[in-house]
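A.B. asks: I would like to see how this sequence folds:
(chains A and B)
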Amino acid sequence: MGSGDAGIDDASRRSRQGGADLYMVTVEPLDLRALCERVATPADGALASFTGIVRDNFEGRPVLQLEYEAYAPMAEKIMREIGSGLRERFAIGAVAIAHRTGTLAVGEASVVIVVSAPHRRAALAACSEAIEEVKCRLPVWKKEFFEDGEGWRANTADASPPADFTTG
Amino acid sequence: MSAPPAPGEAEIAVTVRLFAQAREAAGTAECVVHVPLGSTVQDVLAVLAEEMPALGLHLGRCSFGVNEAYAGRSQALRAGDELAVIPPIGGG
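C.D. replies: Numbering: from 1, shown residues only, chains lettered A, B, ... in the order given. Prediction:
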């Protein structure tokens, strides 16, 4: 998505002043457009986003719905740490990370990440790293509901919690 | 802080937050555990496992948080700390 898509309106000009990062755990449906408007600035020519969607199956077994549970205050702190870490490593503008909780139907967004940057490579790389960190660090849990049962589903081994628990 | 009382005399209250399968196994999302002054995360886990055997079965696979930050089992606890039991995560 280029800067032209974000638009240069008063809101984005204002958002540039105070920093437009957003780290949020919410039961409300996630609004990609709102997050894009939040992080976009006139100086940033790139806006990269990732949206995680509730899939209709797990390894072929039909999934009816998902239930997400979060330790919200800690999750939001870690989102903030993730954003700070991205800013140290990439030339980016603002970061928005939002994770939804509660019962989600197939097709609904469970997580949305948006990163703005002057140039595409930093925006894309930072967004990609952000979702990896979200999957291995956020205290969020997912329960899958099948036709014949339910169960908690952990992320795969390559997204395990940090071996080093220090948080500085 | 006041001088630490003699061993065995003083205890601290730690609020334990339980999530996902740990919450289900315990049958509650929150409880308060009293442990001796100077206790660690591991000491609280031992109490939990003894009082709630079904929860105890999960603790080996869990991570832990103290006051909303990841913490190791050897971390010392203070009165009023919040200990989160964090089963394998599945966000994203």
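
A.B. asks: what secondary structure does residue A:83 sit in?
C.D. replies: At residue A:83 the chain is in helix, as set by DSSP: H, G, I helix; E, B strand; the rest coil.

A.B. asks: Excluding chain neighbours, give the residue nearest to it in space.
C.D. replies: In space, and not counting its chain neighbours, residue A:83 is closest to residue A:95: 4.0 Å by Cβ to Cβ, 6 or more residues apart in numbering or on different chains. The way it works is simple: take the backbone N, C-alpha and C, and place the C-beta from them, glycine included.

A.B. asks: Return the residues in contact with the one you found.
C.D. replies: Shown in contact with residue A:95 (Cβ atoms under 8 Å, 6 or more residues apart in numbering or on different chains): A:21-22, A:39, A:82-83, A:86-87, A:113-116, A:126, A:130.

A.B. asks: which parts of chain B sit against chain A?
C.D. replies: B:17, B:19-21, B:23, B:63, B:65, B:68-72, B:84, B:86-92 (Cβ under 8 Å from any Cβ of the partner chain).

A.B. asks: same thing but 7 Å
C.D. replies: For chain B, the residues in contact with chain A (Cβ under 7 Å from any Cβ of the partner chain) are B:17, B:19-21, B:63, B:65, B:68-72, B:84, B:86-92.

A.B. asks: quick one: which helix or strand includes the closest residue in space to residue A:150 that isn't next to it in sequence?
C.D. replies: Closest residue to residue A:150 apart from its sequence neighbours, by Cβ to Cβ, 6+ apart: residue A:143 at 5.9 Å. Residue A:143 is part of strand A:140-146, with elements assigned from DSSP states H and E.

A.B. asks: what's the spacing between that strand and its chain's center?
C.D. replies: Centroid displacement of strand A:140-146 relative to its chain, using Cα atoms, centre = their mean, to the nearest Å, is 18 Å.

A.B. asks: I'd like to know which elements the longest helix belonging to chain B is packed against.
C.D. replies: Looking across chain B with DSSP state H, the single longest helix is helix B:41-51. In terms of contacts (3 or more Cβ pairs under 7 Å, 6 or more residues apart in numbering or on different chains; DSSP states H and E), helix B:41-51 is packed against strand B:11-18, strand B:30-36, helix B:53-59.

A.B. asks: in it, what's buried?
C.D. replies: B:41, B:43-49 (16 or more other Cβ atoms under 10 Å in any protein chain shown).

A.B. asks: Does residue B:73 touch residue B:43 like I think?
C.D. replies: No - applying Cβ atoms under 7 Å as the test, residue B:73 and residue B:43 come out as separate, 9.2 Å apart.

A.B. asks: got any ranges where chain B has weak pLDDT?
C.D. replies: Within chain B, the ranges that satisfy pLDDT under 70 run B:1-9.

A.B. asks: Quick check, the residue in it closest to chain A?
C.D. replies: residue B:91 (2.9 Å; Cβ to the nearest Cβ).

A.B. asks: export the buried residues of helix B:41-51 to CSV and tack on distance to residue A:107?
C.D. replies: Formatted as CSV, the buried residues of helix B:41-51 follow (distance: Cβ to Cβ, whole Å):
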residue, distance to residue A:107
B:41, 40
B:43, 46
B:44, 41
B:45, 39
B:46, 44
B:47, 44
B:48, 39
B:49, 41
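
A.B. asks: Which residue is the nearest non-sequential neighbour of the residue of chain B closest to chain A?
C.D. replies: Once flanking residues are discounted, residue B:91 sits nearest to residue A:140: 2.9 Å by Cβ to Cβ, 6+ apart.

A.B. asks: same deal with residue A:141?
C.D. replies: Nearest-residue entry for residue A:141: residue B:20, 3.7 Å, with adjacent residues in sequence omitted and distances by Cβ to Cβ, 6+ apart.

A.B. asks: pretty sure that neighbour is touching residue B:88, no?
C.D. replies: No - the pair residue B:20 / residue B:88 is not scored as a contact, 8.5 Å apart, by Cβ under 7 Å.
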